[in-house]
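Asker: Sequence and predicted structure below; questions after.
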Amino acid sequence: MKVKDLYYHELNAVREDASIARVIKIMKFSRLSTVFVVSIQNEYLGAITVSSLTEHCLPNYMKSLQSTAFMPNVDSLLENLKEKINLSARDLVDSEYPAIDLDDSVSHAADLMLRNNCDTLAVVHDGTIQGKIGKIDILACAVD
């Protein structure tokens, strides 16, 4: 089975010049943990996740403590976020976030999600974003 047989055409993506405030609002109101970032030409650039936003908001000295059972002060995280709220999506995009081509197999998509610990992938064709596919899309094949 191919990705093109399962992917979801509707997409929540932001342009690279969108503010981080806009990214957060889209995530909140659409209940998303991942938002894809595209260029003005609709080319896939990567993604911003809730985890990556949190990572960017941690003060540098706290990053070394992440491997312990240390929970940073939420007020500190929010203060750091306020300093970054007017940055653009281009500034915080994870350009290494995986994408999958329309013609790739669903097995390859599942493998990419498992290896990269992500629930959803951008579906691209010739570098242009077409939609998304998630673990739930693959699991739903069992009941369709």
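Answerer: Okay, I see it.

Asker: what's across from the residue nearest in space to the middle of the chain in the sheet?
Answerer: Nearest residue to the geometric centre of the chain (Cα atoms, centre = their mean): residue 34, 3.2 Å. When assigned by DSSP bridges, residue 34 has beta-bridge partners residue 49.

Asker: Tell me the pLDDT of it.
Answerer: We have a pLDDT of 95 for residue 34.

Asker: Could you check how far it is from residue 83?
Answerer: With distances taken as Cβ to Cβ, to the nearest Å, residue 34 is found 23 Å from residue 83. Quick note: C-beta positions are derived from backbone N, CA and C, even for glycine.

Asker: what element comes up after the helix or strand of the chain with the lowest mean pLDDT heading to the C-terminus?
Answerer: Lowest mean confidence among the helices and strands of the chain (mean pLDDT, DSSP states H and E): helix 60-63, at a mean of 48. On the C-terminal side of helix 60-63, the nearest following helix or strand under DSSP states H and E is helix 74-84.

Asker: Using the three-state scheme, assign residue 37.
Answerer: Following DSSP: H, G, I helix; E, B strand; the rest coil, residue 37 is assigned to strand.

Asker: same question, residue 32
Answerer: Look at residue 32: counting by three-state DSSP, its state is coil.

Asker: Strands of this protein, start to end?
Answerer: Counting by DSSP state E, residue ranges of the strands within the chain are 13-15, 34-38, 44-49, 99-101, 120-125, 128-134.

Asker: Distance to residue 141 for the ones you listed - can I get that in a markdown table?
Answerer: Below are the strands of the chain laid out as a markdown table (distance: least, Cβ to Cβ, whole Å):
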| stretch | distance to residue 141 |
| --- | --- |
| strand 13-15 | 25 |
| strand 34-38 | 21 |
| strand 44-49 | 24 |
| strand 99-101 | 16 |
| strand 120-125 | 16 |
| strand 128-134 | 11 |
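
Asker: between those, which gets nearest to residue 92?
Answerer: Smallest distance to residue 92 across the strands of the chain (Cβ to Cβ): 5.7 Å, for strand 44-49.

Asker: Pull the distance from the closest one to the chain's centre.
Answerer: 5 Å (Cα atoms, centre = their mean, to the nearest Å).
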